[in-house]
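> need a structure here:
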Amino acid sequence: MGDYAVIKGASYTLAHTPDMVIHDGATQVTERVVNPDGEYLKELPKHLRSYEDVLAYAPNQVYIGNMTSKDLEGIEMPWHDKAAPVKDRTGKYGEIMPQDEYYGLMQICDVFDLVELEAGFAAGVKTKLAASGMFTDEQVAVLDKNQFTKEQIEDAVKNDGACGLYMNDELVGAVKRAHDVDVNLSAHVMLENISSKATSVLSLLHLVKATGINPDEVDYVIDCAEEACGDMNQRGGGNFAKAAAEIAGLNNATGSDVRGFCAGPAHAILNAAALVKSGTFKNVVVTAGGCTAKLGMNGKSHVEKGMPVLEDCLAGFSVLISEDNGTDPIIRSDIIGRHKVGTGSSPQAVISSLVTDPLDEAGLRITDIDKYAPEMQNPDITKPAGAGDVPESNYKMIAALGVKRGDLEKAQLASFITEHGMKGWAPTQGHIPSGVPFMGPCRDMMLAGDISRAMVIGKGSLFLGRMTNLFDGVSFVIEANKGQSSGGGSGVSESEVKSMIASALKDFAAGLMAE
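Next comes the predicted model:
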């Protein structure tokens, strides 16, 4: 068995896009069709946050690495009405980009001249992007091509099917359609796809900055967002990965897209780890941009409760998976949970297939995992919408199975959630919350010696595509690197593993007999 792949670093970024909530979020787009004169659309603008409010929001600061999930435990919920102790734009993992700069980034990522910005607005954005140091002079110079007046942009929106880009509800730009009749290249779809690409590019640039890797050393890129680009002949043909890699300057990389709804990132990490472990590639990056459709997804519930609309950011992330260096945390590609075709969709069946089954095979108990990272949804967003605290629900189910298996006592249920769980902080951007927001903090915790083993759990809803009623999910274990190569980095012999598995199966069988 060869060395395992390791996690060399991760980046997490947000783009604050309040005007896109109104004009591009699926909930709001639908509302304008079915209830254009309703109270929700009238009230919505009053509930949008300022950029300063977004910077001062604790879960956002956790996402970019200035705070930890543990810090959230010390802040009484709800969090949206309390300013975070840190209000920085940049963190150890990335940044929170304001909307005007984001529109400029969209144009940098547009290679078919589909994004048009009003000339004066573009000039101001160019100055800001140039000062950031994140982009080349050639990339920033792209904004010089904007000679459009507001009237010309208005004409494109009103008469040519373009989607407007707004600042404080004032038109400052547009995304044009890429084909006259192909709905897959409509302005709305192009805006979605350029947005996903742009947020991926932002996270890729921050990954290079955070890890210090030479961009030319990245061999392969895997995109795992929830969008799909193509035309009428291949609607989801791709390739977001290579498109983003081009803008990010990863000139020696090739790549492809992996899709699996919310479980996509976990599938992509497994693919990346396998490519590295096999020796096919040395450095593989898994990346994803955000979904415009998810902006304001639970906005109606937030407005009804007098809250700010908290789903006002497009999220992105990137993770660098590399060859074993004896230091960085390893991905135990031999401890993998799988929701199989025949697993079923009950909560117990899902958690068993993703958590207890792989642990049994590895001879591990539930308590041997220091931290679990399931769907790390921000409960400040989900609870007002009636979805509850998603991470806590997952931890309760894992703990309950632990009690049933005899891995912990019933009196330990509450402490298990505290010790092995975390407060959720991820934005509800579909694929973004599923485990991967913890990969950066997990690496830091393992390098610091705070934890030694963690499990990332990705789950997805395949039935949303109307192709199957099946659920989906995969999981994998991350371990602190013991500095041992050629043995898989586990420090456990094959005979010891077999012994542990036999012991675990014996205990499990005894538990079943006692029921």
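
> which stretches of the stretch 351-500 of the chain form helices?
Taking DSSP state H, counting those that start in this stretch, the helices of the stretch 351-500 of the chain run over residues 357-362, 379-382, 390-405, 413-420, 439-447, 494-514.

> Name the residues of the fourth one that come out as buried.
Judged by neighbour count using 16 or more other CB atoms under 10 Å, the buried positions of helix 413-420 are 416-417, 420. Placement of C-beta: from N, CA and C, glycine included.

> In those residues, which has the lowest confidence score?
Scanning those for pLDDT, the low point is I417. It has 93.

> list the contacts for it?
Shown in contact with I417 (CB atoms under 8 Å, 6 or more residues apart in numbering): 392, 395-396, 399.

> Redo those as CSV? Include pLDDT.
Putting these into CSV (pLDDT from 0 to 100) gives the following:
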residue, pLDDT
E392, 96
Y395, 96
K396, 95
A399, 96
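
> which of the residues you listed has the most neighbours?
Using other CB atoms under 10 Å as the neighbour criterion, A399 leads those with 24 neighbours.

> Give me the nearest residue to that residue, chain neighbours excluded.
Distances taken as CB to CB, 6 or more residues apart in numbering put F416 closest to A399, at 4.4 Å, once the chain neighbours are dropped.

> give me every residue that touches the one you found.
Shown in contact with F416 (CB under 8 Å, 6+ apart): 367, 395, 398-399, 402, 408.

> With L191 instead?
By CB under 8 Å, 6+ apart, the neighbours of L191 are 24, 163, 175, 292.

> where does I321 land in three-state SS?
Three-state assignment for I321 (DSSP: H, G, I helix; E, B strand; the rest coil): strand.

> List the buried residues for stretch 161-168?
162-167.

> Also stretch 348-359?
Applying 16+ other CB under 10 Å to stretch 348-359 flags 350-359 as buried.

> Would you mind confirming that A293 is in contact with G25?
Yes: using CB atoms under 8 Å, A293 is in contact with G25, at 6.7 Å.

> more crowded one of the two?
Shown here are A293 and G25; by other CB under 10 Å, G25 has more neighbours (24 against 19).

> isn't the more buried one right next to N298, touching?
No: counting by CB under 8 Å, G25 stays clear of N298, with 10.1 Å between them.

> Kindly check the end-to-end length of stretch 260-267 for me.
7 Å (CA to CA, to the nearest Å).

> Go through it and flag the buried ones.
Buried-residue list, stretch 260-267, by 16+ other CB under 10 Å: 260-267.

> Can you tell me which of those residues end up in helices?
Applying DSSP state H to these, the entries found in helices are 264-267.

> follow-up on the earlier one: now the contacts of I417 in TSV, with distance to H339?
Output for the contacts of I417, formatted as TSV (distance: CB to CB, whole Å):
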residue	distance to H339
E392	21
Y395	18
K396	19
A399	20
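
> Between which two of those residues is the distance greatest?
E392 and A399 (10.2 Å; CB to CB).

> can you confirm V285 is in a strand?
Yes: using three-state DSSP, the secondary structure at V285 is a strand.

> Setting aside sequence neighbours, what's the nearest residue to it?
V221 (4.9 Å).

> which residues does that neighbour bridge with?
G255, V285 (DSSP bridges).

> Touching both of G25 and N298, which residues are there?
Residues touching both G25 and N298 (CB under 8 Å, 6+ apart) are E311.

> follow-up on the earlier one: tell me which entries of the contacts of L191 lie within strands.
163, 175 (DSSP state E).

> surely L447 meets P329?
Yes: under the criterion of CB under 8 Å, L447 makes contact with P329 at 7.5 Å.

> Comparing the two, which shows the higher neighbour count?
Between L447 and P329, P329 has the larger neighbour count (other CB under 10 Å), namely 25 against 14.

> what's near enough to touch the more buried one?
6-7, 442-443, 446-447, 478-481.

> most surrounded residue in the residues you listed?
I478 (30 neighbours).

> quick one: what helix or strand has D19 in it?
Assigned by DSSP states H and E, D19 falls within helix 18-24.

> pLDDT of that helix, averaged?
Regarding helix 18-24, the rounded mean pLDDT is 98.

> same question, stretch 206-213
97.

> ok, residues contacting that stretch?
With CB under 8 Å, 6+ apart as the test, stretch 206-213 has contacts from 8-13, 92-95, 134, 215, 248-249, 283, 285, 287, 318-320.

> Kindly give a single ChimeraX line that selects the buried subset of these.
Burial among the contacts of stretch 206-213 is assessed by 16+ other CB under 10 Å; the matching ChimeraX selection reads:
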select :8,9,10,11,12,13,93,94,95,134,215,248,249,283,285,287,318,319,320
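
> The contacts of stretch 206-213 in helices, which ones?
Those of the contacts of stretch 206-213 lying in helices (DSSP H): A248.

> doesn't G289 make contact with S196?
Yes: between S196 and G289 there is a contact under CB under 8 Å: 3.8 Å.

> Find residues that contact each of the two.
225, 227, 240.

> Least confident of these?
E227 (93).

> Now do the contacts for that residue.
192-193, 196, 240, 289, 291.

> repeat that for 10 Å
Residues in contact with E227 (CB atoms under 10 Å, 6 or more residues apart in numbering) are 189, 192-197, 200, 236, 238, 240, 257, 259, 288-293, 430-431.

> give the contact list for the residue nearest to M439 when sequence neighbours are not counted.
Once flanking residues are discounted, M439 sits nearest to A10: 5.0 Å by CB to CB, 6+ apart. By CB under 10 Å, 6+ apart, A10 lies in contact with 65, 92-94, 203, 206-207, 210-211, 286, 317-321, 436-444.

> got the domain boundaries for this structure?
The record's domain parsing of the chain by automatic domain parsing lists 6-322, 330-514.

> Where among those is average confidence lowest?
Note on the domains of the chain: lowest mean pLDDT is at domain 330-514, with a mean of 87.

> for it, the distance to its chain's centre please.
Offset of domain 330-514 from its chain centre (CA atoms, centre = their mean, to the nearest Å): 18 Å.

> that older thread, pick out the most distant pair among the buried residues of stretch 348-359.
Farthest pair in the buried residues of stretch 348-359, by CB to CB: V350 and L359, 14.8 Å.

> and A130, what helix or strand is that in?
helix 119-132.

> Check which helices and strands that helix is in contact with.
Applying 3 or more CB pairs under 10 Å, 6 or more residues apart in numbering; DSSP states H and E, we find helix 119-132 packed against strand 96-97, helix 99-109, strand 115-117, helix 137-140, helix 150-159, strand 170-175.

> which one of the shared contacts of S196 and G289 is nearest D380?
A225 (23.5 Å).

> Next up, phi/psi of the closest one, please.
The phi/psi pair for A225 (degrees, to the nearest 10) reads phi -70, psi -180.

> tell me, how many neighbours does it end up with?
32.

> chain center to the biggest helix by length in the chain, what's the gap?
When the chain is parsed with DSSP H, its longest helix is helix 187-211. Counting by CA atoms, centre = their mean, helix 187-211 is centred 12 Å from the centre of its parent chain.

> tell me the angle of it relative to helix 119-132?
20 degrees (axes from the mean of the first three to the mean of the last three CA atoms, to 10 degrees).

> The chain should start at 343 in everything you say after this.
Right, with 343 as the first residue, what we last looked at is helix 529-553.

> hmm, back to that, which residues do L789 and P671 both contact?
Overlap of the contact sets of L789 and P671 (by CB under 10 Å, 6+ apart) consists of 349, 822-823.
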